[in-house]
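Student: starting from these lines, generate the structure:
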Amino acid sequence: MSEFNTPVSCEQATPPRITPADAVKNGVAYLLADLGVFGIVEGAQLIVGFVWGVGFAALWAAGFFTGDVEAVFDASLVYALALAQLLTLTVTMPWWWCRIRPRSFSSARDRRLPRGDASFMRVAGIILLGVAMQMIISYILSLVLPMFPSLEQGYDEMMNDGATSELSAISLLVVAIGAPISEEIACRGLMLEFSLRVVCPEWHDAWRERTCRHRARLPLGDASAMRVPPARFWIANLIQAVLFGILHMNLVQGIYAGAMGLVFGWVFWRSGKMRYNIGLHLVLNFSSYFVGGIDTVLGLLGPIVELAAFMAMLALGAILFWLGTKEGQGPSKVLPL
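Tutor: Residues are numbered from 1 along each chain as shown. Alright, predicted model coming up:
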């Protein structure tokens, strides 16, 4: 029998007892792990930004650039961002895939999802969720930001810096591919897992035991051995969402990124599969290039009808994805949420 068809070895029906002191130590340790992931993402951007700036200044001093040097530098920042994403992935991807994922809570939920109509519902749900989230955020910002001129000016300058705001091959690579992969691995793959370990210290032995491997596509008859109560999941999800928002280092973007982080966390928890998160993040970021066109068409219906259409799209996307992940195949149980 192959490894993928062998039942997992964690056969505990109930978690072992843990002392309050050990629970506190566990919580502190994994909160620090969350901050460590945060530091990796921000550190990669700072290191690449510093090296990029020094290198550019040296080339400018040597007479390599002519004309509007500031415009050239601003246009080049998209390449620095791509390098920062690559550096982040170089650290976080092996850490998540090889060490954290095999014994993670999300991997314990990974199961054979139904195919056919259910596959269509999952894909359609992801597309509707991504577009609806982008449109709702844009709609709310268009109403709220004019009330705060200083915030609006700073946000507009950041979003219209020219590096990623214009559709091009490199901006598409950074916004629609690099950001979804690097951010989902770091925030949902690592931060959400560490946050779950903060709130579920009783399973301390399970994720440390090397023989306890919840592998993808296993018939997870033992997945219930690492059950997480809904309230604890949402606490952990809130922790990673807040950190995800702060990662963006901008008040306006941080607020709506935090809200999106809650949805991303739920999607990952429903399926246990990273590809749906990356797909949702890709659709959301890619649709930002077409917000104006979509808004113009739906705006003809009036602001109330437009907002109602966006909310209906969001609700339909969530329902379709929920239905598409409702039942697993094989002997595994479908865990709640």
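Student: where does this structure dip in pLDDT?
Tutor: 1-16, 111, 161-165, 208-225, 327-337 (pLDDT under 70).
Student: which residues in it form helices?
Tutor: Secondary structure of the chain (DSSP state H): helices at 20-61, 69-94, 105-109, 117-144, 149-159, 169-172, 179-184, 192-199, 204-208, 230-247, 251-271, 274-287, 291-299, 303-324.
Student: mind putting these in JSON lines, mean neighbour count included?
Tutor: Heads up, the C-betas are built off the backbone N, CA and C, glycines and all. Compiled in JSON lines, those are given as follows (neighbours: other CB atoms under 10 Å):
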{"stretch": "helix 20-61", "mean neighbour count": "15"}
{"stretch": "helix 69-94", "mean neighbour count": "17"}
{"stretch": "helix 105-109", "mean neighbour count": "25"}
{"stretch": "helix 117-144", "mean neighbour count": "19"}
{"stretch": "helix 149-159", "mean neighbour count": "13"}
{"stretch": "helix 169-172", "mean neighbour count": "14"}
{"stretch": "helix 179-184", "mean neighbour count": "23"}
{"stretch": "helix 192-199", "mean neighbour count": "25"}
{"stretch": "helix 204-208", "mean neighbour count": "16"}
{"stretch": "helix 230-247", "mean neighbour count": "20"}
{"stretch": "helix 251-271", "mean neighbour count": "21"}
{"stretch": "helix 274-287", "mean neighbour count": "21"}
{"stretch": "helix 291-299", "mean neighbour count": "13"}
{"stretch": "helix 303-324", "mean neighbour count": "17"}
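Student: report the separation between Met158 and Leu262.
Tutor: For Met158, the distance to Leu262 equals 23 Å [CB to CB, to the nearest Å].
Student: repeat that for Phe50.
Tutor: 33 Å.
Student: how about Val78?
Tutor: Distance from Val78 to Leu262, by CB to CB: 28 Å.
Student: and Arg115, what are its phi and psi?
Tutor: For Arg115, the backbone dihedrals are phi -100, psi -160 (criterion: degrees, to the nearest 10).
Student: let me redo that: Leu301
Tutor: Dihedral angles (degrees, to the nearest 10) for Leu301: phi -80, psi -10.
Student: what's the neighbour count on it?
Tutor: 12 (other CB atoms under 10 Å).
Student: looking at it, it is touching Ala309, isn't it?
Tutor: Yes - between Leu301 and Ala309 there is a contact at 7.2 Å, judged by CB atoms under 8 Å.
Student: contacts for stretch 311-328 next, please.
Tutor: With CB atoms under 8 Å, 6 or more residues apart in numbering as the test, stretch 311-328 has contacts from 111-114, 118-122, 124-133, 135-136, 220, 267, 270-271, 276, 334.
Student: mind redoing it with 7 Å?
Tutor: 111-114, 118-119, 121-122, 124-126, 128-129, 131-133, 136, 267, 270-271, 334 (CB atoms under 7 Å, 6 or more residues apart in numbering).
Student: cool, stretch 270-289 as well?
Tutor: Contacts for stretch 270-289 (CB under 7 Å, 6+ apart): 106-107, 109-111, 113, 122, 126-127, 129-131, 133-134, 167, 175-177, 179-181, 183-184, 188-189, 264, 267-268, 321-322, 325, 337.
Student: next one: that stretch to chain centre, how far?
Tutor: Computed by CA atoms, centre = their mean, to the nearest Å, the chain-centroid distance of stretch 270-289 equals 8 Å.
Student: okay, it in CSV with CA atoms only?
Tutor: C-alpha atoms of stretch 270-289 as CSV (Å, rounded to 0.1, in the frame of the first residue of the first chain):
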residue,chain,number,x,y,z
ARG,A,270,-12.8,25.1,3.7
SER,A,271,-10.7,23.2,1.2
GLY,A,272,-7.3,22.7,2.8
LYS,A,273,-5.9,23.4,-0.7
MET,A,274,-3.6,26.3,-1.4
ARG,A,275,-4.5,26.5,-5.1
TYR,A,276,-8.0,28.0,-4.4
ASN,A,277,-6.4,30.7,-2.3
ILE,A,278,-3.9,31.6,-5.0
GLY,A,279,-6.7,31.5,-7.6
LEU,A,280,-8.9,33.9,-5.5
HIS,A,281,-6.0,36.3,-4.8
LEU,A,282,-5.1,36.2,-8.6
VAL,A,283,-8.7,37.0,-9.7
LEU,A,284,-9.0,39.8,-7.1
ASN,A,285,-5.7,41.5,-8.1
PHE,A,286,-6.1,41.0,-11.8
SER,A,287,-9.6,42.4,-11.8
SER,A,288,-8.2,45.7,-10.3
TYR,A,289,-7.1,46.6,-13.9
